[in-house]
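A.B. asks: coords below, sequence missing:
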């Protein structure tokens with residue numbers, strides 16, 4: 001890499017020059033699907049303990065009531081709203097996934113844009129365009145260093161999501177090319193997040209900061225806050241600082257010809273996406289054998305399943321969301337895999353504990369990250385096999401629009417049974433015809 005590689009400038013030019021008319025219809029629709037899913041997962045997470053604690057802490061320093069906190073009546077300054085909504089969207093590991101990088105793309109980007117839309121006049125088409133472009137650049141920055149970046153322990157949603165938030169917010173602020181490079185430079189120096197924090201509240205800090213710091217980076221650039229000319233590929237830039245040798249061709253080749261948003265998967269289960277094909281197998285088998293007693297379970301999947309979810313000894317609901325042993329055991333016992341199945345109470349359930357100890361995990365590079373197989377031995381000695389080549393919700397086996405809407409309705413009802421989200425759903429699907437989206441996030445707040 002050299003100081004003059006120009007990769008950041010090319011990304012900045014792409015964001016600045018791309019217009020709504022350049023976006024294919026399927027990509028526009030996928031952006032709306034991502035926002036439907038975002039509101040579902042933000043509503044599911046908006047009153048969890050990490051969000052409550054963060055809100056109390058931030059409110060002490062915030063005199064502003066500028067922006068909406070999804071699902072809550074409180075308002076707060078725009079930067080803090082971006083933080084809280086991103087943290088809420090990601091806290092349950094229920095958000096969308098860009099499979100090739102393992103970035104959860106919407107959590108860092110959408111909250112920054114929604115907060116900004118309450119400060120500036122923004123049309124629905126402009127919001128969608130900024131969201132698509134922010135998604136694109138964070139995915140491409142991540143593709144250049146995947147899978148090694150995540151394997152080293154960097155939480156890629158946070159370390160790359162800050163660029164998506166900065167680029168998307170910069171688009172809404174109509175930054176020029178030089179300002180956009182500055183915004184990405186300020187984002188680069190704030191990129192952080194560790195996989196060691198998965199399963200704890202600390203994970204939410206880096207995801208929240210990706211949205212907040214990305215938005216702030218764009219606002220600073222608009223005011224003339226400058227940065228280096230090559231923050232990504234500079235001699236002491238982002239890629240070198242994180243000890244990576246990136247494939248820079250993956251950052252810039254095919255810009256505006258292919259769209260990484262189309263590779264988004266949406267989660268039917270609130271846990272790490274590498275666990276999803278295992279749950280598909282287990283739940284399908286349990287539906288066919290509702291009374292069978294299970295003696296042993298052998299799970300076979302991609303090595304990443306082992307790297308991230310081989311956690312037989314978990315003690316909290318949050319840890320259980322990244323434990324394949326817990327997921328397999330609780331799904332076999334209950335026939336379900338919803339939020340309740342990844343709660344503190346389920347983790348402590350003696351029956352779950354007993355069955356969890358009977359789960360064996362085998363790493364097999366022949367499997368993709370969205371595939372798995374299970375071998376279930378029942379008490380009568382019979383061995384049953386199930387496999388899944390593409391997990392439900394993955395880009396190869398996607399959830400339908402109706403299923404995403406239902407996910408949003410269930411999440412809303414989880415906190416407030418009378419919360420009618422039909423106006424929110426209608427507003428998202430009609431975004432491209434909306435002249436002003438400043439009230440969009442408020443539709444996710446229950447009316448009293």
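C.D. replies: Received it, and whenever you're ready, just let me know what you need. Here the structure is a predicted model, which is why all the values come from computation and not from measurement. Numbering: from 1, shown residues only.
A.B. asks: three-state assignment of the closest residue to residue 358 other than its chain neighbours?
C.D. replies: Spatial nearest neighbour of residue 358, excluding adjacent residues (CB to CB, 6 or more residues apart in numbering): residue 296 at 5.2 Å. In this view, the C-beta of every residue, glycine as well, is placed from N, C-alpha and C. Of the three states, residue 296 takes strand under DSSP: H, G, I helix; E, B strand; the rest coil.
A.B. asks: which ones are touching residue 296?
C.D. replies: Residues near residue 296 by CB atoms under 8 Å, 6 or more residues apart in numbering: 358, 360, 376, 377.
A.B. asks: adding distance to residue 157, write these out as JSON lines.
C.D. replies: Below are these laid out as JSON lines (distance: CB to CB, whole Å):
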{"residue": "358", "distance to residue 157": "32"}
{"residue": "360", "distance to residue 157": "29"}
{"residue": "376", "distance to residue 157": "33"}
{"residue": "377", "distance to residue 157": "37"}
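A.B. asks: buried members of those residues into PyMOL, please.
C.D. replies: What follows is the PyMOL syntax for the buried subset of the contacts of residue 296, where burial is set by 16 or more other CB atoms under 10 Å:
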select buried, resi 358+376
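A.B. asks: quick check: the two most widely separated of the contacts of residue 296?
C.D. replies: The largest separation in the contacts of residue 296, counting by CB to CB, is between 360 and 376 at 11.3 Å.
A.B. asks: would residue 284 count as being in a helix?
C.D. replies: Yes. Counting by three-state DSSP, residue 284 is located in a helix.
A.B. asks: how deep is it tucked in, by neighbour count?
C.D. replies: When neighbours are defined as other CB atoms under 10 Å, residue 284 has 14 of them.
A.B. asks: strands of this structure, start to end?
C.D. replies: 67-68, 75-76, 97-98, 264-265, 294-301, 359-363, 372-378, 383-388 (DSSP state E).
A.B. asks: can you check which of those gets nearest to residue 315?
C.D. replies: Closest among these, using CB to CB: strand 359-363, at 16.5 Å.
A.B. asks: paired strands for that closest one, with orientation please.
C.D. replies: Strand pairing for strand 359-363, determined by DSSP bridges: strand 294-301 (parallel).
A.B. asks: now the angle from the strand it pairs with to strand 383-388?
C.D. replies: Orientation of strand 294-301 against strand 383-388 (axes from the mean of the first three to the mean of the last three CA atoms, to 10 degrees) gives an angle of 30 degrees.
A.B. asks: related to what we said a few turns ago, intersection of neighbour lists for residue 360 and residue 376?
C.D. replies: 296, 297.
A.B. asks: for residue 168, see how far away the closest residue to residue 183 other than its chain neighbours is.
C.D. replies: Leaving aside its sequence neighbours, residue 183 sits nearest to residue 221 (CB to CB, 6+ apart; 3.9 Å). Computed as CB to CB, to the nearest Å, the residue 221 to residue 168 distance reads 13 Å.
A.B. asks: got it, and residue 65?
C.D. replies: Noted for residue 65: a distance of 24 Å to residue 168, by CB to CB.
A.B. asks: ok, residue 20 next?
C.D. replies: Residue 20 is 14 Å from residue 168, where distance means CB to CB.
A.B. asks: those two - which one has more neighbours?
C.D. replies: residue 168 (32 against 13).
A.B. asks: just list the residues touching the closest residue to that one other than its chain neighbours, thanks.
C.D. replies: Excluding the flanking residues, the one nearest residue 168 by CB to CB, 6+ apart is residue 134, at 2.7 Å. Counting by CB under 8 Å, 6+ apart, residue 134 touches 109, 112, 113, 163, 164, 165, 166, 167, 168, 169, 171, 214.
A.B. asks: so which of the residues you listed wins on neighbours?
C.D. replies: Of all these, the highest neighbour tally under other CB under 10 Å goes to residue 166, namely 39 neighbours.
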